[in-house]
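here you go, sequence then predicted model.
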Amino acid sequence: MPLSTLLAEHDLLCNPKFGSRVRMALIRVARDVLNEDPATPGNPLRVGFARTVLTPGDFTSPGNASVIAADPTISTAAAAGAIEGDPDSAQAALTDEQIVTAVSAAWNVLAGYNGAPPYSSEP
């Protein structure tokens, strides 16, 4: 399987169709996060990020597409489907399911939750 390069990942994140697909995947996952059990680890950060996703100021910027373009499954699949001279071929090689899965997997990182318990100054 072809390995992606950093430049190929950058080209993918700059692709407007890829950016649009990532934005919609973020919206789908945000809706799920808003309905998750409040006892889910990191819930306040996860919900805060979901609310941010659902109130975007700009639908034309790549937004968080950089994080998704760097996902190993995404970048490998895009590299495998890339056709020289066809700028949409890499993003077209990706399924919506792959993108949604990558967004779900990156949600905690995007929300700023690293799995550690909240900081407390008390002993």
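It's in.

where does pLDDT dip in the protein?
Scanning the chain for pLDDT under 70 picks out the ranges 1-4, 58-62, 116-123.

swap in 80 and give it another go.
1-4, 56-63, 116-123 (pLDDT under 80).

can you map out the helices along it?
For the chain, helices defined by DSSP state H occupy the ranges 6-14, 16-34, 43-53, 65-69, 72-81, 89-92, 96-111.

among the ones you listed, which is the most enclosed?
The highest average neighbour count among these, using mean count of other C-beta atoms under 10 Å, belongs to helix 65-69 at a mean of 23. In this view, the C-beta of every residue, glycine as well, is placed from N, C-alpha and C.

that one: how far from the chain's middle?
In terms of C-alpha atoms, centre = their mean, to the nearest Å, the centre of helix 65-69 is found 5 Å from the chain centre.

what helices or strands is that helix leaning on?
helix 6-14, helix 16-34, helix 72-81, helix 96-111 (3 or more C-beta pairs under 8 Å, 6 or more residues apart in numbering; DSSP states H and E).

relative to helix 16-34, how tilted is the first one?
Going back to what we said before, that points to helix 6-14. With axes from the mean of the first three to the mean of the last three C-alpha atoms, to 10 degrees as the basis, helix 6-14 and helix 16-34 are set at 70 degrees to each other.

may I have helix 6-14 as PDB, with CA atoms only?
C-alpha atoms of helix 6-14 as PDB (Å, rounded to 0.1, in the frame of the first residue of the first chain):
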ATOM      1  CA  LEU A   6       3.400  15.200   4.300                       C
ATOM      2  CA  LEU A   7       2.900  17.100   1.100                       C
ATOM      3  CA  ALA A   8       0.200  14.700   0.000                       C
ATOM      4  CA  GLU A   9      -1.600  15.100   3.300                       C
ATOM      5  CA  HIS A  10      -1.300  18.900   2.900                       C
ATOM      6  CA  ASP A  11      -2.800  18.700  -0.600                       C
ATOM      7  CA  LEU A  12      -5.600  16.500   0.800                       C
ATOM      8  CA  LEU A  13      -6.500  19.000   3.600                       C
ATOM      9  CA  CYS A  14      -6.500  21.800   1.100                       C
END
